[in-house]
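S.K.: coords below, sequence missing:
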């Protein structure tokens, strides 16, 4: 875009660069732009072009390559030859795994000669595997925009400030723990994004970024920020949400251009009055108002064992003393800290996180039953074990399965010894475990796991699911004791027949064996498996029996029948192995049984689901989207039928646990693109079979609906829709590789001024007639306010906060008018209007609040009403001959 080109300075000549480079044949090069990241073999194409048409390629100014490409290393060596290069993109994330998560690129460094690209103004190396900052970047004299987000950087170089022309820098989603002091030397930096790192403090030199207009420090571990931030006079937006802040300097409120200060989800107990009363400040999710003198800032203290147990209402923190305590969080999580757990008072911080498949790695056949609980400080060892009770969504069946608490160490996940308990009153189940240190925790349902220690003298391990499955370790099987784990997945004959469409196919339970040693056993281990259903030693046809060996991901299945000695009894098959893997007995006449086993295994991991798209009866612009397991569809629809209506659920599709999918509104229907879960205009979902995969969205349409209804649709896609495939064609694609899942109709009715037809009672509210504004600024009438209220939908709370209402007022309005969205909106808007009707600047405040809430559409409508009213007023003055040389503009606008 023109704005981006101006920011990058790409409209100017640089050195000996030229914008008149010849056009290469093919669709990958347009003018002097070479876009090869859309091709799976883009690097190979680049190398071919460079070899055959070097004179043209070296003139390229814009280059995009995928860092998921296997030939990237060879390609990097050629980049220094592109002396005219102004924009270089080497992003990963183009490939996705089976769950829809991005595969990070293979880029771990850049060649030193890249620093010789003197014309380079834009460099994007996001979604890669960088652990150290490439030093060659510091030698790029023209660099203005730098993106290194979604890597593994732990530090920036001390001389980072040498990038004197940098105006935009994004390092979000890394592992940065601190910043170099030289960052304050970036005199022209305008936009700095350091969100979702591990920053614990900021250097005072950050306050030297005089031209910075947006600073994002959200999702870090900051407990305080330096007073020098008050020197950022150009700052417009400051994002500090989701940190550990216990205090903020009052001087932030005096920043002249600041229009947004986000302090949500911190540990603030009190804030300076100057900040608390500012209309642009967000404070939700903080334990404000605590008055107990023994509490530290931002804390919710738990009770002593000798007193009454208190509930911690909001997320934040609590204090544990040497006396011990019990803690109950609002989400139902319980803690018990025995006396002596901590010798000194210890601050515990907690927050719940949405599971992200990029780091919440479920094993095959695992089912996620809870969100993620993070407890800090990480790694601090308690002197006594802390007891935890975590509520979870009860699985439909626990046959052959067990519930465990899983914890993340920062490197890998491991399962804790867990006991399932049931609450007496609510009858709900909780997972009880004990820990000596805090980190991240969640609850999963897994296949029942049996394990044992195998000593030198040998032992016997059998399955508690099927005791007929046995593993015998003879004496001398190992020199050192090792741990062995066993899991069993039973498959019914009906399931196999349904998947294979072959009544003759049968299979034994799938046996999954693993150990903590990489060394094979010294002596063969004897395994006993039951024969497939309906097969006995008397009627066994050995030519139809196959023993399959699978890898630890179930991707390949090899027939090893001829490689082992199979012995048979009346009910069992027995064989010997020296290393562990997965074993599966099949009984079939098919030849290529490995492919059939893989198909069956993958289908067993998938869930049959339906998509639902419903519209609220009282407000059709409120759309509820949900992905529901097939067996839950009818109960869910029955529960929603009183408040929602819409089409029948989609056809059944299949999805993996933890798989990403997207919802795209099409054909004249759009949504707020600034939503945090909006990716390229589509809503991101992650399917978990036992968690709610539901979102309620406010939709709009750019089409004029006063004359007719808008017949749109919402389509669901697996992963991203390729840009090279037309929209209609992508929806028609079928087969296992199709990205399109389902499409459901959405209809927005023709607009009816239902509130304007009776401006008296206002849906049960009775306000005296009012006009907002004055002759200088223009008027908004009561009818105009009704038109505005009709557009707000679910955003009314955010708009109310931006208008200056307190969080307590918003909650009270919602409670007083629960189950009636119209009344909630009217109560909020007209209450504010009554209180501000005498304020001559109230109309501008309303417009500003709409813009800050992301509702530019409503702000534009208000501005249009005001301008139209002014025009009408001027025309009326002109008609009666009262127009003066400097006429005063005012308006009294009728309902449009």
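M.R.: Yep, that arrived. Fair warning: this is a prediction, and the values are worked out from it, not measured in the lab. Residues are numbered from 1 along each chain as shown.
S.K.: from here on, contacts and neighbour counts on C-alpha atoms
M.R.: Noted.
S.K.: how is this protein carved up into domains?
M.R.: Residue ranges for the domains of the chain, per the TED database: 28-120, 153-288, 310-447, 449-604, 606-722+739-748, 782-879.
S.K.: of these, which approaches residue 140 most closely?
M.R.: When the domains of the chain are compared for distance to residue 140 using Cα to Cα, the nearest one is domain 28-120, at 5.3 Å.
S.K.: any chance of the domains of the chain in CSV, plus mean pLDDT?
M.R.: Formatted as CSV, the entries for the domains of the chain read as follows, by pLDDT from 0 to 100:
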stretch, mean pLDDT
domain 28-120, 78
domain 153-288, 88
domain 310-447, 83
domain 449-604, 88
domain 606-722+739-748, 84
domain 782-879, 78
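S.K.: Quick one: those domains as JSON lines, columns for distance to residue 139 and mean neighbour count too.
M.R.: Formatted as JSON lines, those follow (distance: least, Cα to Cα, whole Å; neighbours: other Cα atoms under 10 Å):
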{"stretch": "domain 28-120", "distance to residue 139": "5", "mean neighbour count": "19"}
{"stretch": "domain 153-288", "distance to residue 139": "8", "mean neighbour count": "20"}
{"stretch": "domain 310-447", "distance to residue 139": "33", "mean neighbour count": "17"}
{"stretch": "domain 449-604", "distance to residue 139": "45", "mean neighbour count": "17"}
{"stretch": "domain 606-722+739-748", "distance to residue 139": "33", "mean neighbour count": "18"}
{"stretch": "domain 782-879", "distance to residue 139": "39", "mean neighbour count": "18"}
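S.K.: Of all those, which one is nearest residue 141?
M.R.: The stretch from the domains of the chain with the least distance to residue 141 (Cα to Cα) is domain 28-120; that distance is 6.0 Å.
S.K.: now that closest one: how far from the chain's centre is it?
M.R.: Once both centres are worked out by Cα atoms, centre = their mean, to the nearest Å, domain 28-120 turns out to sit 28 Å from its chain's centre.
S.K.: between the domains of the chain, which one is nearest to residue 145?
M.R.: Set against residue 145 and scored by Cα to Cα, those come closest in domain 153-288, at 4.7 Å.
S.K.: Endpoints of the closest one, how far apart?
M.R.: 35 Å (Cα to Cα, to the nearest Å).
S.K.: could you measure the most centrally placed residue in the chain against residue 243, distance?
M.R.: Centroid-nearest residue in the chain: residue 356, 5.9 Å away (criterion: Cα atoms, centre = their mean). Taking Cα to Cα as the measure, residue 356 and residue 243 are separated by 19 Å.
S.K.: any chance of the domains of the chain in JSON lines, with distance to residue 130 too?
M.R.: Conversion of the domains of the chain to JSON lines gives the following (distance: least, Cα to Cα, whole Å):
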{"stretch": "domain 28-120", "distance to residue 130": "4"}
{"stretch": "domain 153-288", "distance to residue 130": "6"}
{"stretch": "domain 310-447", "distance to residue 130": "17"}
{"stretch": "domain 449-604", "distance to residue 130": "27"}
{"stretch": "domain 606-722+739-748", "distance to residue 130": "24"}
{"stretch": "domain 782-879", "distance to residue 130": "34"}
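S.K.: Residue 613 and residue 628 touch, don't they?
M.R.: No - at 11.0 Å, residue 613 does not count as touching residue 628 under the criterion of Cα atoms under 8 Å.
S.K.: From residue 535, how far out is residue 594?
M.R.: For residue 594, the distance to residue 535 under the criterion Cα to Cα works out to 20 Å.
S.K.: Contacts only, for residue 114.
M.R.: The contact partners of residue 114, by Cα atoms under 8 Å, 6 or more residues apart in numbering, come to 79, 80, 136, 137.
S.K.: Now do the phi/psi pair for the residue nearest to the centre of the chain.
M.R.: Backbone torsions of residue 356, given as degrees, to the nearest 10, read phi -110, psi 120.
S.K.: Now do the helices for the stretch 551-700 of the chain: every range, in order, please.
M.R.: Assigned by DSSP state H, counting those that start in this stretch, the stretch 551-700 of the chain shows helices spanning 593-604, 633-640.
S.K.: Could I get those in TSV, plus columns for distance to residue 335?
M.R.: Rendered in TSV, the data for those read as follows (distance: least, Cα to Cα, whole Å):
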stretch	distance to residue 335
helix 593-604	37
helix 633-640	33
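S.K.: Quick one: closest of the ones you listed to residue 437.
M.R.: For the helices of the stretch 551-700 of the chain, proximity to residue 437 was assessed by Cα to Cα; helix 593-604 is nearest, at 36.3 Å.
S.K.: Adjacent strands (with direction) for the longest strand along the chain?
M.R.: Taking DSSP state E as the criterion, the chain has its longest strand at strand 606-616. Counting by DSSP bridges, the strands paired with strand 606-616 are strand 622-629 (antiparallel), strand 644-645 (antiparallel), strand 653-656 (antiparallel).
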